[in-house]
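*Asks:* just the structure for this:
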Amino acid sequence: MKKPKEYVEVLERWDYAFHTIGKPEVEDPVYDALKDEFRALYPDHEYLQRVGAPVEDQLVGFSKAAHEIPMGSQDKSTNESEFRAWANKSSTDGLFCMSEKLDGLSVSVTYWSGRLRQAITRGDGLIGYDITRNVRLMNLPKELPLKVTVTLRGEIIMKKSTFKRHFADVQKNPRNAAVGLTKRLDGVGCEHLDILFYNISEGVSYKREHQKFDYLSKTLRLPTPNYQQITLEGMCKLHEEYEQEKRDKIDYEIDGLIVCVDDINRQEFLGEKDRIPRFSTAYKFTSQSKTSPVLECRVQVGRTGYLTPVAGIEAVTIAGATITNVTLHNFAEIERLGLRVGSLVEVKRSGDVIPKITKVLNPGEGEIIKVPTHCPECETKVDFNGIQARCVNPDCPAKLTKSLVHWLTVLDVMHFGERLVEQLEERGLLVDPSDFYKLQTQDIANIEGRGHVIAHKVLEELNSKREMSLGQFLSALSIPTISDKTGKLLSSEFGSLDKILELKEEDLLHIPGIAETSAKAIVTGLQTKKTVIEKIRPFITIKEVKKISSSLDGKTFCFTGVRPDKSLEEKIEANGGKIISGVSKKLSFLVTNENSVSSKAVKAKELGIPVISLFQLEEMVN
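*Replies:* Numbers count the residues shown, from 1 in each chain. This is a model prediction of the structure:
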């Protein structure tokens, strides 16, 4: 049996990939199956009380804000038999309200006396980020026709037509684009986003669910997804119609239909469990699939040198997207599938986003795909561990391009895409990140299709982001094993870049989460990047962790049910303290709500660890 920690580590990584960077690692059914398995074994675990993405990882630079009413999640039905079972036990009059399940970012929007007052991301359901300034730039009414005070639930989306017109060349899909724009501190591009509303959490009472939508769309004149009152049989038929044709005709992405018991009194009787309502379900769409022959298998080299096989297939259209390339992740996956050039394969889109080969329909036929012995970009002999192949040449040109693009991604520079990086590399103008800050307007304007206006815009945005936190800087260097999380950990532990550059392996082994192999990779990676680091330092400002006092030296803090804002985190570090994620004998304080009964609070009390409130912590560091 797996330990809770093993489940949480995997689920949090998948949460981060989906919610924060918009690049899901696994299909929805795989995610759901692991989470269901975890819930069956450890139903009261603290992780399962959260809703949404890890709030601390989402929107750096925005202040945190608490939801007056927690934002919950949805239970799901993955097929008709599951849906019918839910419907038959939930409704007493056979009437439901259907609305489209939007594929965007959940947000709570409050209007005071009819005027837009505040917008908060869902976060963990209890605390999100205040993105009011960005929401004011989006396409939604800033003033309602009635002077009412209401809190609404909605979804930030980018329409398909907007995506095709403005972002198809820089983002993979509308959701990725919406995530990127919403996170921008300067709000640039938010005018391309819409919010569709689907619920009112306070202020008005109804007898029927569909009356909420009527009030939103007809009385308050707010944009909503399509909705209707419907019977069980009508719902099953409608779901089939959406899968076959309706969803492709809508100008926004959806990944299922939300079905609620229409009778509000019945809803109240059914109630919720762990902030998941019993009176509604997300009736998901099955992943759409097509068959296609594999025409070739080529290899891409990533920024850390790993070789990723990519199958080129005959073009097929799935869920409105034309698919010609499918990533195979690693060479063990090719062997598992029995994949060959010439194979006829079944292709699905994971969550209707990521193409995936799920089955080979003619096993044994075609040309065997071999693991390359040398890097396709620089001809260096590759290192193969039985699963992944890796180019070990630090000067490999493919690694250079990807690492330069990664630098821009960490800085959230939107208008500087991979194609522009490649064009500047070809002209000898980009070799390492320091070269970004030597570029002149004319260097970009001279590239075909650019011009002075675009060049000025690109460089203006780049130069506005010359200040980086130490953790951010470390994660931007494209060193294997130094992720965003590890960068923050090193920053908190050692405080300055100079100290970090002098680290030896033994200096890292006492840090929880850094094993011997990781310590070796970190030290080796930092030494390899030393020249690049010295070249970039004159052009940027690195915000190091400056210690104010030693009052919290050796003290560790874990948060559950509450979240520290950025300034409080900085004060803890400045006074010598550390923030960790788990409860063990090494923990000094658990910070949580009064009378918390979460698994972490119970464990802390069993171990005799002091449990304090946010207020008590603030007094401790002030």
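*Asks:* packing partners for the strand or helix carrying Thr524?
*Replies:* Using DSSP states H and E, the element containing Thr524 is helix 516-528. With contacts taken as 3 or more Cβ pairs under 8 Å, 6 or more residues apart in numbering; DSSP states H and E, helix 516-528 sits against helix 484-494, helix 505-508. The C-beta positions use only the backbone N, C-alpha and C, and glycine is treated the same way.
*Asks:* any idea how far the residue nearest to Thr541 when sequence neighbours are not counted is from Lys485?
*Replies:* Excluding its sequence neighbours, the residue lying closest to Thr541 (Cβ to Cβ, 6 or more residues apart in numbering) is Glu467, at 4.5 Å. As for Glu467, its distance to Lys485 is 21 Å (criterion: Cβ to Cβ, to the nearest Å).
*Asks:* give me the neighbour count for Lys546.
*Replies:* Neighbours of Lys546 under the rule other Cβ atoms under 10 Å: 10.
*Asks:* which residue, other than its chain neighbours, is closest to it?
*Replies:* Spatial nearest neighbour of Lys546, chain neighbours left out: Ala574 (6.2 Å); criterion: Cβ to Cβ, 6+ apart.
*Asks:* any idea how far Ser567 is from that neighbour?
*Replies:* Look at Ala574 and Ser567: by Cβ to Cβ, they are 10 Å apart.
*Asks:* which of these two has more neighbours?
*Replies:* Taking neighbours as other Cβ under 10 Å, Ala574 and Ser567 compare with Ala574 leading, 17 against 11.
*Asks:* tell me the pLDDT at that one?
*Replies:* On pLDDT, Ala574 comes in at 78.
*Asks:* so which of Glu467 and Lys485 has more stuff around it?
*Replies:* Between Glu467 and Lys485, counted using other Cβ under 10 Å, the more crowded position is Lys485 (16 against 11).
*Asks:* show the pLDDT at that one.
*Replies:* The model reports Lys485 with a pLDDT of 73.
*Asks:* all numbers from here: first residue = 515
*Replies:* I'll keep to 515 as the first residue from here, and by that count the last item is Lys999.
*Asks:* lowest-confidence helix or strand of this protein?
*Replies:* helix 542-555 (a mean of 68; mean pLDDT, DSSP states H and E).
*Asks:* touching, the residue nearest to Lys1060 and Ser1064? I think so.
*Replies:* No: between Ala1088 and Ser1064 there is no contact under Cβ atoms under 8 Å: 10.4 Å.
*Asks:* any idea how far the residue nearest to Lys1060 is from Phe1073?
*Replies:* 17 Å.
*Asks:* swap in Gly618?
*Replies:* To Phe1073, Gly618 is 28 Å away according to Cβ to Cβ.
*Asks:* which residues does stretch 712-723 contact?
*Replies:* Taking contacts as Cβ atoms under 8 Å, 6 or more residues apart in numbering, the residues outside stretch 712-723 that touch it are 582-583, 611, 613, 616, 622, 662-669, 726-727, 729-730, 738-739, 741, 743, 772, 774-779, 781.
*Asks:* filter those to the buried ones?
*Replies:* With neighbours counted by 16 or more other Cβ atoms under 10 Å, the contacts of stretch 712-723 contain buried members at 611, 613, 616, 622, 662, 664-669, 726-727, 729-730, 738-739, 741, 743, 772, 774-778, 781.
*Asks:* among those, name the ones in helices.
*Replies:* Residues of these located in helices (DSSP state H): Lys726, Phe727, Ile778, Gln781.
*Asks:* nearest to Lys1100, of the residues you listed?
*Replies:* If you rank these by distance to Lys1100 using Cβ to Cβ, Gln781 comes first, at 45.1 Å.
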